[in-house]
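**Student:** Next one to model:
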Amino acid sequence: MKNILITGGAGFIGSHVVRLFVKSYPDTHIFNLDALTYAGNLENLEDVEQASNYTFIKADINDSKVIQKLFEAHQFQSVIHLAAESHVDRSISDPLSFLKTNIFGTVNLLNAAKECWKSNFEDHLFYHISTDEVYGTLGSSGLFTEKTAYDPNSPYSASKASSDHFVRAYGETYGFPFIISNCSNNYGPNQFPEKLIPLFINNIIENKPLPVYGDGNYTRDWLYVIDHAKAIDLIFHNGLKGETYNIGGFNEWKNIDLVKLLCDLMDEKLKRIQGNSRNLIRFVKDRPGHDLRYAIDASKVNSKLGWKPSVTFEEGLVKTIDWYLENQHWLKNVTTGLYQDYYKKQYKNN
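**Tutor:** Here you go, the predicted model:
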């Protein structure tokens, strides 16, 4: 049985990737390594936690000795690296944490994998998941391609850009086997409610203000998280080593238009008067260094691997709203911190 390490597998994107791999590949053992910081939530994986081909490991990628021992003990054939500090606002207030996890943590994994695989790189793969934010910002036209020069504008994107560079450098310097993918903004079930869509869903439920940065005209390309997980699966199994793949949803929306659509859909779902939730919108002071527009050209992953989004943004947003409304206990747990108790109950001997 092949052993695959997925880092950050209790987080938003990671949990969907872990679930997909555990269910799709019963002859592969999935090891989910997560430090269970504020956004890591094992409740995201209740449906697979008893699977015979799944093991959870509570560990921090910043601990190089622990990471080295794990590679020695389990002889991971491949790594899918998602563990990261990922919230721009947090990076502005605490950039050092992003440097530690996103750069040093990634290099710890690279070093452990390089040492473990040094006798035969050919049969191994380090798949590094990154973001479109490393490319900086676009004007009113154009798209990010795999050849776009890096131009990060926040501590978060600078730390991810650096980790991308280290992965490529290990490939060039040591012949290390890697693939990188850069994705656009993800949304969908299980996202921690500090990100725009789940935050606003929760605030609308509770009739709290909806804080929109600046004039609300910042534009993002939105990718349904389950589609992203499927793209990761395709790239992992069929992508070419040493290549980069951009993954986007072909769904560009200005923030204010997205928020208004979300308000209207929530009013319909909650049987409120249409327009009621729009009254909660509040324009607030802009974020420092706020990128104007992101937009991904995903034609490479489409033409080379046959991937494309399965849903439009409107369809995915309805699915997302329905999930949060049906799982308000999950929202309550993560907003009160009670989800941390789940680990203590389920893994009390760890």
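
**Student:** mind pulling up the phi and psi values for the residue nearest to residue 313 when sequence neighbours are not counted?
**Tutor:** Spatially, and ignoring its direct neighbours in sequence, residue 313 is nearest to residue 251 (3.8 Å; CB to CB, 6 or more residues apart in numbering). Every C-beta, even on glycine, is put in place using the N, C-alpha and C of the backbone. Backbone torsions for residue 251, taken as degrees, to the nearest 10, come to phi -130, psi 80.

**Student:** could we number from 44 for the rest of this?
**Tutor:** Sure thing, new numbering starts at 44, so read that last one as residue 294.

**Student:** Isn't residue 294 up against residue 265?
**Tutor:** Yes: the pair residue 294 and residue 265 passes the contact test of CB atoms under 8 Å, sitting 4.4 Å apart.

**Student:** Show me the strands in this protein, by range?
**Tutor:** Using DSSP state E, the strands of the chain run over 45-50, 71-77, 97-101, 121-124, 168-174, 221-226, 228-230, 253-256, 262-267, 287-290, 295-297, 324-327.

**Student:** List the contacts of the last one.
**Tutor:** For strand 324-327, the external contacting residues (CB atoms under 8 Å, 6 or more residues apart in numbering) are 252, 253, 254, 255, 256, 257, 258, 259, 299, 302, 303, 306.

**Student:** tell me which residues of it are tucked away?
**Tutor:** residue 324 (16 or more other CB atoms under 10 Å).

**Student:** again, but for the fifth one
**Tutor:** When neighbours are counted by 16+ other CB under 10 Å, the buried residues of strand 168-174 are found to be 168, 169, 170, 171, 172, 173, 174.

**Student:** now, which of the residues you listed sits nearest residue 125?
**Tutor:** Checking the buried residues of strand 168-174 against residue 125 with CB to CB, the nearest one is residue 172 at 4.8 Å.

**Student:** so the closest one makes contact with residue 126?
**Tutor:** No: the criterion here is CB under 8 Å, and residue 172 misses it with residue 126 at 9.2 Å.

**Student:** from the contacts of strand 324-327, which is closest to residue 80?
**Tutor:** Distances from residue 80 to the contacts of strand 324-327, taken by CB to CB, are shortest for residue 254, at 23.6 Å.

**Student:** Disregarding residues adjacent in the polypeptide, which is nearest to the closest one?
**Tutor:** Spatial nearest neighbour of residue 254, chain neighbours left out: residue 327 (4.5 Å); criterion: CB to CB, 6+ apart.

**Student:** before we move on, back to that, report the two of the contacts of strand 324-327 separated the most.
**Tutor:** Pairwise distances across those (CB to CB) peak at 18.3 Å, for the pair 257 and 306.

**Student:** Which one's more surrounded, the two?
**Tutor:** Between residue 257 and residue 306, counted using other CB atoms under 10 Å, the more crowded position is residue 306 (22 against 15).

**Student:** so how many other residues sit close to the residue nearest to residue 138 when sequence neighbours are not counted?
**Tutor:** For residue 138, ignoring the flanking residues on the chain, the nearest one in space by CB to CB, 6+ apart is residue 198 at 3.6 Å. Residues near residue 198, counting by other CB under 10 Å, number 22.

**Student:** ok, which stretches of the stretch 294-393 of the chain are helices?
**Tutor:** 298-312, 342-348, 356-369, 371-379, 382-389 (DSSP state H, counting those that start in this stretch).
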